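# Next input, structure requested:
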Amino acid sequence: MENFDIKIIIDSYIIPWGLNITLALVIFIIGKLVINLLSGLLVRILKRSKLDNILIDFISSIIKTILLLFVIIAAMDQLGINTTSLVALLGAAGLAIGLALQSSLQNFASGVMLIIFRPFTSGDFIEAAGISGTVEKINIFSTTMKTGDNREIIVPNGAIYGGVITNYSARETRRIDMVIGISYDSNIKSARDILQGIIDADDRILTDPVPLIAVAELADSSVNFAVRPWVKSGDYWAVKFDLNEKIKITFDEKGISLPYPQMDVHVNQS
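Residues are numbered from 1 along each chain as shown. The predicted structure follows:
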């Protein structure tokens, strides 16, 4: 009788459970192997598309985690565990986490878009989210920038991608826009010749496009020249600062006066 009971236990419980556990292990092991193969294939495909390594690693890890979750659920289902409630629980947990991390998910999505579309890269000088600086690192959730006075500023990607991005390093050349005012008593032709001579003497200023020097406005107290030379982007600030200094010094030497705000008061005596 005891042998009969043992045989029933073996036939009814041990053998079926043993087979289920074995099949569950087989599903898990084979599933992991398939996931590794698919993950490696995905990484190779993404690298051919020249995406950023940060984005490639992140996408690969996300896909790998999702596939592994499916394999675990399939293995648990083989063991006879009711996975319907588990899937519902995971869905509810995912929704709760998504609501709690809404801003972080926005920054993540913006980081992905920045890495894919590349409006700027490391080393570019940009203005975004009210910050001007050189881009040092573009991460999934934030971008690290260095300002001109050597401050490190970490800006959320959502703030950058959701606004206007000005990339000063995107083009090889830039135009310097200057307004130079002279008094009405000064000679316009002499002033123009002086400005042209200063422009021609600076080798950093490009000849193509041709620099513009023109009378832009007859203002209340000055005749304003528009001076617009083109330079390489890396020379922009150095040339602009030098031009300001050279124009002031040369105008003083040549007797061209630069106007400043003034008020004439007329007193009538009865």
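# list the contacts for Ile247?
Contacts for Ile247 were tallied using CB atoms under 8 Å, 6 or more residues apart in numbering; they are 180, 194-195, 198. C-beta: built from backbone N, CA, C; applies to glycine.
# ok, now Ala226?
Here Ala226 is in contact with 177-179, 212-216 (CB under 8 Å, 6+ apart).
# In a helix, it, correct?
No - read with DSSP: H, G, I helix; E, B strand; the rest coil, Ala226 is strand and lies in no helix.
# Show the pLDDT at it.
The score at Ala226 is 97. That number is its pLDDT.
# Report the beta-bridge partner residues of it.
As for beta bridges, Ala226 partners with Val179, Ala214 under DSSP bridges.
# Equivalent analysis for the one 4 residues further on, please.
Taking DSSP bridges, one finds Arg175 as the beta-bridge partners of Trp230.
# Residue numbering should commence at 17 henceforth.
From this message on, residue numbering opens at 17, which makes the last subject Trp246.
# Am I right that it is in contact with Ile215?
No - applying CB atoms under 8 Å, one finds Trp246 not in contact with Ile215, separated by 10.4 Å.
# And stretch 80-91, what's buried?
Neighbour-count burial for stretch 80-91, counted by 16 or more other CB atoms under 10 Å, picks out 80, 83, 87-89, 91.
# coming back round to it: the contacts of Ala242: which two are farthest apart?
Asp193 and Val231 (15.2 Å; CB to CB).
# Which stretches in the stretch 17-166 of the chain count as helices?
18-25, 31-64, 69-94, 99-116, 118-133 (DSSP state H, counting those that start in this stretch).
# contacting residues around Phe267?
198, 207, 210, 273-274.
# Let me know the closest of those to Asn166.
Using CB to CB, those come closest to Asn166 at Leu274, 33.8 Å.
# Checking my notes, the closest one in a strand, right?
No - applying three-state DSSP, one finds Leu274 to be coil, outside a strand.
# Quick one: residues contacting it.
Contacts of Leu274 by CB under 8 Å, 6+ apart are 196-199, 264, 267.
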